[in-house]
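Colleague: No letters, just coordinates:
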């Protein structure tokens, strides 16, 4: 269930300008393709800041969850599931970037 919920989170994610809005959105949408359900987060607010490192080939080499709000075990678990999905759904087109900060925010 949490994986399905997180899919919606990533599809609706806002990204930080420092990573490039189009590139970040592309990465988030690709990660969202790992979840089959896109409707389970209605009425829920959640955000997470995630720092991602990539290999030259675009695979995720490391993920650090920097912040989660609200600070509950449920939303921390959603952030961990997001990190797992990012790892599973690569490789990504990173336009030469080896690191990115992604800011997930639901709803938009």
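Modeller: Looks like it arrived, so ask away. As the structure is a computational prediction, the values presented were derived from the model and not from experiment.

Colleague: where do the strands sit along the protein?
Modeller: Per DSSP state E, the chain carries strands over the ranges 46-54, 60-69, 99-106.

Colleague: what angle sits between the biggest helix by length in the chain and strand 60-69?
Modeller: Ranked by residue count and defined by DSSP state H, the top helix of the chain is helix 73-89. Using axes from the mean of the first three to the mean of the last three Cα atoms, to 10 degrees, the direction of helix 73-89 lies 160 degrees away from that of strand 60-69.

Colleague: picking up where we left off before, and residue 24, which of the strands of the chain is closest to it?
Modeller: strand 99-106 (5.8 Å; Cβ to Cβ). Every residue, glycine included, has its C-beta placed from N, CA and C.

Colleague: partner strands of that closest one, parallel or antiparallel?
Modeller: strand 46-54 (antiparallel) (DSSP bridges).

Colleague: Quick one: residues in contact with the partner strand.
Modeller: If you take Cβ atoms under 8 Å, 6 or more residues apart in numbering as the criterion, strand 46-54 is touched by 9, 27, 60-70, 75, 78-79, 82-83, 86, 90, 92, 94, 97-106.

Colleague: Filter these down to the buried ones, PyMOL style.
Modeller: A single PyMOL command is used to select the members of the contacts of strand 46-54 judged buried by 16 or more other Cβ atoms under 10 Å:
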select buried, resi 9+27+60+63+68+75+78+79+82+83+86+90+92+94+97+100+101+102+103+104+105+106
